[in-house]
Each structure stands twice: as structure tokens, then as C-alpha cells.
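Please find the sequence and the predicted model below.
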Amino acid sequence: MTAPGFAGRTAGDHAADPAGTGVYLYGVARGLDPAALRDASGVAGAPVRGVVAAGLTALVSTVRLDEYGEAALRANLEDLQWLEATARAHHDVVDRAAHAAPTAPVRIATIYRDDARVAEVLTDEGGRFTEVLDLIDGRSEWGVKAYADPELLRGDTGRDGPDPGGGLAPGAEPLTGPRQDAEGAAPAGPGAAYLRRRQQERRRRADAGRRVGEQADAVHAELADHAVASRHHPPQDPRLSGRAGTQILNVAYLLDEEQVEGFLAVARAADQRLAGIEVEVTGPWPPYSFIEPGAA
């Protein structure tokens, strides 16, 4: 997640010297007591410190460019084990600061040349950081993911034994026996029957997908009524989710403290009500999803 107007750097000035160092930025806080960072460690075990400018505190660490430089990051960001370890360390720093003061996270692996450049960014972007910090102050992020059973998306009837109609949806005309086309002519043998069956299957899957999508939209609408803001994310890579079902909803919600109980009740009710759909809630998190402009 990138802070507003915050393009991020990968220490390009040091590209010719991969053994040099850069400054890793975790997030920006307002009103942070420096004691909150005492003994904190971040990515690669690097100590965390604050860079103060324009009434804001940037949470940073010094990192080696042979791991966090431009070329190294291209490879490391494709390494799931490295990515997971870095993301966890990044989150731990942000979470620690967020418990002490309003904190706006920035995206993972945002690297700057030095502390002076970080201070310059705080000064240049101070107004926009303030807007974001005003939005997230006293609020937390909750994630909701919904997974549909693959059979639900196939439109399977769930009946025991073979379907005499070739697996058609209830009420559909069986594909066996003589049948006439729109002009009253009989079909031309098993090839035409096979094509009809495939067409029926495609229609059944399309109808099932549409129904599941409508259910996901309805769940989101209910949850959004109990949130300050929401943001849709793309479906998560199954390698990361570890789930066999198809992810049909992946949304982050920004909640005031008094909204949490009602929000969780809606999510639990949806999980119990919708056959073949599992609703998973995670949180509270620092508000990673509500940093970029238009996130609300």
C-alpha cells in the first residue's frame, strides 16, 4: 500500500554500489512518543528509529542495498518466503507504532536514499499525510474474505446418483430421447446432443456464477453499512490463502470502535446463512488499505 502521493524509491542513486545502504520506510505517525520505538527491530532485524519533520514521524531502518536495492528487490519480491518474512516485520513495526499514535503505513519495500530525503518527503507531502491520518485516527481495518464451494459455482444439484438429464439444473429438459429444434426438425444424431449438453452446462455455470456474485454483493452491502469506508482487493493468490474454495469477496473495511460488534455480527450471520459460502473475518489491522487517495 502506498501513501498518498508517495511513489516510493528503490535507492536508484546507489544502483552502482549494491554494498551501500538505504533507508527503509514503514509508515508515518503523528504525535508518536519516541519511547514507543525503543528496542524495536524491523526488516532483516534492523533497528527502527524515527525521522521527524513537519510535525510527523517517519518510521525507518537502515538496510543494505544488496538485499533491498533495486536489482535485489526484483528477485526478492518473487520469493514468497522472503516476502512473507519482510511483510511480517513491516507489519510488526507499523502495528507497534499504531498502538501508540495514529500511523499511516506505506507499501512494503519503500526505500529512500537517506534520512534527509525522508524528511523532505514528510515536508512536501505533510498535508496529504495529515488528511490520511485524520481519516484513520481511532479506527481500525478489518478484512473479509468469502469462499464459494467449487460445486456451488458449477451449479451442481447436490442430488445423489446420476442426473437422468445429463446433470442439468432442476426443471431443465433432459438431453436424451428425440427432440426438435426451433423449426420442428429433429436433431442430427449424438453430435448435436453433445453440443446441446455443453451449451446447457455453460448456461448452468454462468447462472450459478451470477447467483454467487449477487450473494457476495449482498454480503458486502450489509457489511459496508457498518463501516466508515471499504476497499475491494483482487482475489488472493491460492498459494497465499491456502484455500480450496474460490474466493468471491476480498474487501477491507475501516471501522470506528463502536461499529465493530455490529459488523462482526453481520459477518457471522452471513457465514451461517449462505450454504456453500464461507465468510472469514480478520483484524483488527493498521489501516493499510486506506492510504491511497480514493480508498474510501
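In hand now; what should we look at?

Counting neighbours, which bits of the one helix or strand E214 maps to end up buried?
Assigned by DSSP states H and E, E214 falls within helix 189-224. Neighbour-count burial for helix 189-224, counted by 16 or more other CB atoms under 10 Å, picks out 193, 196-197, 200-201, 204, 208-209, 212, 215-216, 219-220, 223. Bear in mind the C-beta positions are built from the backbone N, C-alpha and C, glycine included.

Give me the helices and strands touching that helix, please.
Helix 189-224 sits against strand 139-148, helix 150-154, strand 229-232, strand 246-256, helix 260-273, strand 277-285, with contacts defined as 3 or more CB pairs under 8 Å, 6 or more residues apart in numbering; DSSP states H and E.

Output these in JSON lines; the columns should cover distance to D115.
JSON lines is the format used below for the helices and strands packed on helix 189-224 (distance: least, CB to CB, whole Å):
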{"stretch": "strand 139-148", "distance to D115": "29"}
{"stretch": "helix 150-154", "distance to D115": "51"}
{"stretch": "strand 229-232", "distance to D115": "31"}
{"stretch": "strand 246-256", "distance to D115": "31"}
{"stretch": "helix 260-273", "distance to D115": "37"}
{"stretch": "strand 277-285", "distance to D115": "28"}
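
would you turn the ones you listed into JSON lines with distance to D114 and mean neighbour count?
Below are those laid out as JSON lines (distance: least, CB to CB, whole Å; neighbours: other CB atoms under 10 Å):
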{"stretch": "strand 139-148", "distance to D114": "31", "mean neighbour count": "21"}
{"stretch": "helix 150-154", "distance to D114": "51", "mean neighbour count": "16"}
{"stretch": "strand 229-232", "distance to D114": "33", "mean neighbour count": "17"}
{"stretch": "strand 246-256", "distance to D114": "33", "mean neighbour count": "21"}
{"stretch": "helix 260-273", "distance to D114": "40", "mean neighbour count": "15"}
{"stretch": "strand 277-285", "distance to D114": "30", "mean neighbour count": "16"}
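
can you pull the contacts of the residue most central in space within the chain?
Centroid-nearest residue in the chain: H233, 4.5 Å away (criterion: CA atoms, centre = their mean). Counting by CB atoms under 8 Å, 6 or more residues apart in numbering, H233 touches N250, V251, A252, S289.
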